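Undergrad: Pasting the sequence and the predicted coordinates here, then a few questions.
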Amino acid sequence: EAQVTQNPRYLITVTGKKLTVTCSQNMNHEYMSWYRQDPGLGLRQIYYSMNVEVTDKGDVPEGYKVSRKEKRNFPLILESPSPNQTSLYFCASSFTGVSSTDTQYFGPGTRLTVL
Amino acid sequence: AQSVTQLGSHVSVSEGALVLLRCNYSSSVPPYLFWYVQYPNQGLQLLLKYTSAATLVKGINGFEAEFKKSETSFHLTKPSAHMSDAAEYFCAVRTDTGRRALTFGSGTRLQVQP
């Protein structure tokens, strides 16, 4: 089944404790992206990747890191989480990043709480 | 820069009534427009998308949307609401410039009353 998977689905952590949220897709997509969803703000892009080893900042990159060493994986890293990073996170992928009409497929989300 | 405005954070309709969810966009270049639906505790699922091929776009689950350039709108409609349509709906815009990011509206939560 074609899908985007994220782990963990739920995470409660404390300020300053490094964490990684994994994202994997099995559709051989080139483009991958991370969003955060906050009430009343919709989804905002954190980072994106056009292909392996090509990543760039989105609208709200502060406090986050990403890497793209393999085509299928795009982990989101919070080196020192803070309470303002409490949010619902979505990973998404599409066939390419070049065509704006490509459908983006979303993972199920990761609900992160930073105490 | 591009942006999306969704009028009404909550919309309530009766089962069988018309559903109308409003979306207005701002873009300095030709836009591509999308509607996504999010059911409780799930990710986003594409309902339909406008890619300039036709102004009236039909999507899944009986939804459709019409692109109106003069009004910069892309409202989502469904003739008859079902209980299963209760969800949050997001309008999004993307263009062929810059980083080609999806820019989302703030979402509209649809309630369907029996």
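TA: Done, it's in.
Undergrad: hey, let's count contacts and neighbours off CA atoms from now on
TA: Will do.
Undergrad: Show me what the lengthiest strand in chain A is packed against.
TA: When chain A is parsed with DSSP state E, its longest strand is strand A:42-51. For strand A:42-51, the packing partners by 3 or more C-alpha pairs under 8 Å, 6 or more residues apart in numbering or on different chains; DSSP states H and E come out as strand A:31-38, strand A:54-57, strand B:103-104.
Undergrad: Could you export the ones you listed as CSV, including mean pLDDT, distance to residue B:113 and mean neighbour count?
TA: Below are those laid out as CSV (pLDDT from 0 to 100; distance: least, C-alpha to C-alpha, whole Å; neighbours: other C-alpha atoms under 10 Å in any protein chain shown):
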stretch, mean pLDDT, distance to residue B:113, mean neighbour count
strand A:31-38, 94, 26, 24
strand A:54-57, 92, 42, 16
strand B:103-104, 90, 27, 25
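Undergrad: what are the phi and psi angles of residue A:103?
TA: phi -70, psi 130 (degrees, to the nearest 10).
Undergrad: Would you mind naming the residues that pair with residue B:87 in a beta bridge?
TA: Taking DSSP bridges as the rule, residue B:87 bridges to residue B:110.
Undergrad: I'd like the distance between it and residue B:44.
TA: To residue B:44, residue B:87 is 10 Å away according to C-alpha to C-alpha, to the nearest Å.
Undergrad: Give the rounded mean pLDDT of the longest strand of chain A.
TA: Confidence for strand A:42-51, expressed as mean pLDDT, is 92.
Undergrad: Just say helix, strand or coil for residue B:61.
TA: Secondary structure state of residue B:61, per DSSP: H, G, I helix; E, B strand; the rest coil, is helix.
Undergrad: Report the contact partners of the closest residue in space to it that isn't next to it in sequence.
TA: Spatial nearest neighbour of residue B:61, excluding adjacent residues (C-alpha to C-alpha, 6 or more residues apart in numbering or on different chains): residue B:47 at 7.9 Å. By C-alpha atoms under 8 Å, 6 or more residues apart in numbering or on different chains, residue B:47 lies in contact with B:34-37, B:59-61, B:63.
Undergrad: residues in chain A within reach of chain B, list them.
TA: Neighbours of chain B within chain A, by C-alpha under 8 Å from any C-alpha of the partner chain: A:39-45, A:58, A:90, A:97-101, A:103-109.
Undergrad: Which among the residues you listed count as buried?
TA: A:42-45, A:58, A:90, A:97, A:100-101, A:103-109 (16 or more other C-alpha atoms under 10 Å in any protein chain shown).
Undergrad: By pLDDT, give me the weakest of those residues.
TA: residue A:97 (66).
Undergrad: how far away is residue B:85 from residue B:45?
TA: Taking C-alpha to C-alpha, one finds residue B:85 at 13 Å from residue B:45.
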